[in-house]
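[1] coords please:
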Amino acid sequence: MFEVDWKTPHLWRKTATKRSTAPALTGDHQTDVLVVGGGFTGMAAALGARDSGRNVILLEGNEIGSAASGRNNGLVISHHSKASPSEFGAAYGKQIGERYNRMVAEAADVAFGLMQRFNIDAHQVQEGWIQPAHTEKTLARARQFHDEWKAFGANVSWLDRDEATKRIGSPYLGGWMVRNSGHINPFAMTIGLASAIEKEGVTIFENSRATRLERVGNGWRVHTETGSVTAPEVILATNALTGDIWPGLKRTLIPLKVFQAATPPLSEELRAQILIGNPAVSDMRNDLRYFHYDCDNRLVSGATHTFWYDEAQRGREKVSQVLGKAFKAFGGPPKIGEYWHGTFAVVPDRMPRIYRLGPGLVFGGVYSGRGVALSMSLGQELGRLAAGKRADSQMPLPVTAMKPIPMHALAVQAANRMHAWNRFQDRRS
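    Numbers count the residues shown, from 1 in each chain. I've put the predicted structure just below:
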């Protein structure tokens, strides 16, 4: 597993408000629903169960916001990772396809709705997400996405070459825009949501890593180093940090390490030429480019390394070069100030998972880069499932047994070394 120095402040933590850390678990406790993992999926699951009238305890191994939920780029997107609505329907059938596509189409509104419901200041900007195309092939794919989502009823629009280039400040052939999407400070959202669910009655224990899980009667007991929690319903929301708590679970996903970086605050003159209207943007390259502003007008982007030596210096240089090429308004590679990295989870087909591990025991997550919005929607559904408000057959995804990834160790290495190949493919296109 990739290590993250989560105690060193990064940009999102530096610009967020403070929150007092919850105590560590001590002694033995009982509850109706236990959630393991304090990221967006876990906290949304706790909220879904609590809103359904259940008593809920949530265990976080480090501190809230220390993992991918608090360290990602902050794009809040109502769109699949790779598939179109029809492709998802073909993979899972009309009924589940319709259900899941609806959840995806509404996911950004759900996320921003939680911020409104609980008055969370996550530096949220809901001014849309643009996916521009740089080749004729990707332009056709973008048109397919747009047309299918429009037919589905989603709030999308098409941008021609001139409009896409002007809105972004970088030359593209065109693209499409999902208007209910946007961007946030994800760390601010994690601590805001944690405070909110605590006020709703969820009990949070931080620095309480689950080390062992055992069947006890009609329920489960989860142990930490200093205590235990027994519950009839347990949700594992551990995602990329899934360890050995359940045999074979970590072999069902691939942890992928990425970094983020940001310029110093940009001048008003530059902002008048780059990302007009403050949208979020991520393009369709294999080694994709993605951008948005933070609350102080820094331009935030990111990428990944094939090899992680001198990562901070090389990461700053890489983002500087990309921004300099993408935005001619800079007049060359801009200075890069902030740098940090994190780890999220992917699967080969880029479709999230819900696993039924046993009676009253489920795992849910793995968003392959689209987790900020989707995790808050799917998480609440997992909470309703644990509370008895949903049956497995009513979930927006198939509830299945575990699906181990063949040759998992090799797949992890390949996924984290494929970026040079992606860049080669982009140069050929």
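
[2] closest to the centroid, which residue in this structure?
    Centrality entry for the chain: nearest residue to the mean C-alpha point is residue 371, 2.5 Å, by Cα atoms, centre = their mean.

[3] pretty sure it is touching residue 42, no?
    No - here residue 371 does not reach residue 42: they are 11.8 Å apart, not a contact under Cβ atoms under 8 Å. Quick note: C-beta positions are derived from backbone N, CA and C, even for glycine.

[4] distance of the closest residue to residue 11 other than its chain neighbours from residue 296?
    Beyond its immediate neighbours in the sequence, the residue positioned closest to residue 11 (Cβ to Cβ, 6 or more residues apart in numbering) is residue 338, lying 4.1 Å away. Noted for residue 338: a distance of 11 Å to residue 296, by Cβ to Cβ, to the nearest Å.

[5] which one's more surrounded, those two?
    Neighbour tally, residue 338 and residue 296, criterion other Cβ atoms under 10 Å: the higher count belongs to residue 338, 20 against 13.

[6] who's in contact with the more buried one?
    The contact partners of residue 338, by Cβ atoms under 8 Å, 6 or more residues apart in numbering, come to 10-11, 14, 260-262, 298.

[7] ChimeraX command for the buried members of these?
    Buried subset of the contacts of residue 338, written as a ChimeraX selection, criterion 16 or more other Cβ atoms under 10 Å:
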select :10,11,260,261,262,298
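
[8] neighbours around the nearest residue to residue 345 once chain neighbours are set aside, how many?
    Leaving aside its chain neighbours, residue 345 sits nearest to residue 240 (4.0 Å; criterion: Cβ to Cβ, 6+ apart). By other Cβ under 10 Å, 24 other residues sit near residue 240.

[9] cool, the one 4 residues further on as well?
    Using other Cβ under 10 Å, residue 244 is surrounded by 11 other residues.

[10] so it versus residue 250, what's the distance?
    Between residue 244 and residue 250 the distance is 7 Å, computed by Cβ to Cβ.

[11] do the same with residue 15
    Distance, residue 15 to residue 250, by Cβ to Cβ: 33 Å.

[12] contacts made by the worst-scoring helix or strand of the chain on mean pLDDT with the rest, please.
    Every helix and strand of the chain was ranked by mean pLDDT, DSSP states H and E. The lowest is helix 419-428, at a mean of 70. Contact with helix 419-428 is made by 285-287, 303-306, as judged by Cβ under 8 Å, 6+ apart.

[13] list only those of these flagged as buried.
    The neighbour count (16+ other Cβ under 10 Å) marks 285, 287, 303-305 as buried among these.

[14] quick one: the strands in the stretch 301-429 of the chain, in order.
    Here the stretch 301-429 of the chain has its strands, by DSSP state E, counting those that start in this stretch, at 338-346, 353-358, 361-365, 399-400.

[15] winner for burial among the ones you listed?
    Ranked by mean neighbour count under mean count of other Cβ atoms under 10 Å, the strands of the stretch 301-429 of the chain are led by strand 361-365, which reaches a mean of 25.

[16] need the strands of the stretch 301-429 of the chain in CSV (columns: mean pLDDT and distance to residue 48).
    Below are these laid out as CSV (pLDDT from 0 to 100; distance: least, Cβ to Cβ, whole Å):
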stretch, mean pLDDT, distance to residue 48
strand 338-346, 94, 21
strand 353-358, 98, 13
strand 361-365, 98, 11
strand 399-400, 97, 15
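
[17] could you export those as a markdown table, including distance to residue 90?
    A markdown table is the format used below for these (distance: least, Cβ to Cβ, whole Å):
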| stretch | distance to residue 90 |
| --- | --- |
| strand 338-346 | 21 |
| strand 353-358 | 18 |
| strand 361-365 | 23 |
| strand 399-400 | 17 |
